[in-house]
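**Q** Just a sequence and a predicted model for now, questions to come.
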Amino acid sequence: MNLDLQEPKKKMGIKRFLNSIKYSLYGLGYAVKNEQSFTLLAISFFITLGMGFFFQITLTEWIYVLFATGLVLGIELINTAIEAIVDKISPEQNKFAKIAKDTGSAAAFLFTIMSLIIGLIVFIPYVIDMIGGK
């Protein structure tokens, strides 16, 4: 690799770190305010957290649930970023922009379904116990 083509090393420091947090929170705020899918998934995340506390799920189950729901929210944010950049570079409709946006959406959908299945596997036994199944 030609080292002359690399960008100069970015400055490190607490100010840069705090700015990174600020920009991340701005991105989250944007998604909550402007992206219906993200908002619904975030609401589902908090409902799932409440269910986890209510049913006192195990540590392993918490790991599965948090990983699955966090992954869904992260993928949805990436999908939002893909849609924004595609809209910027291709304001007119074309097949390549459609493919990029549709496949990004499909990835978010796939991870949402996987997360739902994990949630069902974790919570259905607790619900059955609660309604007197055992």
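**A** Yep, it's here. No experiment lies behind these values; they were computed from the predicted model shown.
**Q** what about the longest helix in this structure?
**A** helix 95-130 (DSSP state H).
**Q** Let me know the average pLDDT across that one.
**A** For helix 95-130, mean pLDDT is 96.
**Q** ditto for stretch 56-65
**A** The model assigns stretch 56-65 a mean pLDDT of 98.
**Q** Stretch 11-27 now?
**A** 93.
**Q** what's next to it, contact-wise?
**A** Stretch 11-27 has contacts (CB atoms under 8 Å, 6 or more residues apart in numbering) with K10, L77. (Each C-beta comes from the backbone N, C-alpha and C, glycine too.)
**Q** Mind doing that once more with 7 Å?
**A** Stretch 11-27 has contacts (CB atoms under 7 Å, 6 or more residues apart in numbering) with L77.
**Q** do stretch 120-127 as well
**A** M51, F55, I57, E61, Y64, V65.
**Q** switch the cut-off to 10 Å
**A** Outside stretch 120-127, the residues that touch it by CB atoms under 10 Å, 6 or more residues apart in numbering are 48, 51-52, 54-58, 60-62, 64-65, 68, 130, 133-134.
**Q** One more: stretch 69-83?
**A** Contacts of stretch 69-83 (CB under 10 Å, 6+ apart): 24, 27-28, 30-31, 34-35, 37-42, 44-49, 52, 97, 100-101, 103-116, 118-119.
**Q** Please indicate which of those are buried?
**A** 31, 35, 37-38, 41-42, 44-45, 48, 52, 97, 100-101, 104, 108, 111-112, 115, 118-119 (16 or more other CB atoms under 10 Å).
**Q** And the pLDDT for L3?
**A** pLDDT at L3 comes out at 58.
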